[in-house]
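Asker: Provide a 3D model corresponding to the input given below.
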Amino acid sequence: MSVDMKERSIARIAANAEALTTIHQENVSIVIWERDPLSGLSKLKLDSIANVRFTTDVEELPNALNNALDDAGHDRCIARNVLHSDILQLANLFAKVMRTDFIEIRLEHITTNACKKFHTDYVTARLITTYLGQGTQWLDGGASDCDCDDPHNIRQMQAGDVGLFKGRLWTQGARAIHRSPPIEGTGEERLMLVINPARLSDEI
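Answerer: Numbering: from 1, shown residues only. You can find the predicted model right below:
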């Protein structure tokens, strides 16, 4: 299957999930899968749910995710079903691309600036999507191409977009530089999913 792709200095931007596999190319540090926001999620009551964080074997993910959403206070409703289905899809895609059996899932309600400084994550790679609110900001160029205290090449994912970012533990190629959008004090909220490779012994 062909991949409709726009090229950047270190990024690949495409309209389909197949592009995520290009993260293995040495000159690629970021892959963005552009897609529409998921419908129905605006009905989620973010103030009444806790953050989700757990590590699991991919085969156990459906049950583990259901239990985690229950524990976090997500009511059984259409919005929850949409969220559950999408997280399963993205987690399985990530595990396949990264060739791993164990993953860490984080689903976070964010009202602050969170990781407001541009940085590279201490992982091999990380998948990020924002379900509600502003998406993750990233730099279109490597660390040697910009002043990260005053960057001139900021790009931003939109709600629904899926980003795959190379981290510090990737053995070859450029690393992705990104940050959370600064929203503290604006009244804005974000619902963000993060998926990392993990081992069960790493769970905290």
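
Asker: Go through this protein and flag its longest helix.
Answerer: When the chain is parsed with DSSP state H, its longest helix is helix 78-98.

Asker: Would you mind identifying the next helix or strand past it?
Answerer: strand 102-110 (DSSP states H and E).

Asker: Next up, the contacts around the most centrally placed residue in the chain.
Answerer: By CA atoms, centre = their mean, the chain has its centre lying nearest to Ile128, at 0.5 Å. The neighbours of Ile128, taking CB atoms under 8 Å, 6 or more residues apart in numbering as the test, are 136, 157, 162-163, 165, 178, 192-195. For glycine as for every other residue, the C-beta is placed from the backbone atoms N, C-alpha and C.

Asker: quick one: buried residues of the longest helix of the chain?
Answerer: 79-80, 82-84, 86-87, 90-91, 93-95, 97-98 (16 or more other CB atoms under 10 Å).

Asker: tell me the contacts of Pro182?
Answerer: Applying CB under 8 Å, 6+ apart, we find Pro182 in contact with 113, 116.

Asker: One more: Ser42?
Answerer: Neighbour list for Ser42: 79, 132 [criterion: CB under 8 Å, 6+ apart].

Asker: who are the neighbours in contact with Ile49?
Answerer: Applying CB under 8 Å, 6+ apart to Ile49 gives the contacts 72-74, 109.

Asker: Same check on Ile30?
Answerer: So Ile30 contacts 8, 10-12, 138, 163-166, 176, 178 (CB under 8 Å, 6+ apart).

Asker: before we move on, the earlier item: can you tell me which of the contacts of Ile128 lies nearest to Asp121?
Answerer: For the contacts of Ile128, the closest approach to Asp121 (CB to CB) belongs to Phe165, at 6.6 Å.
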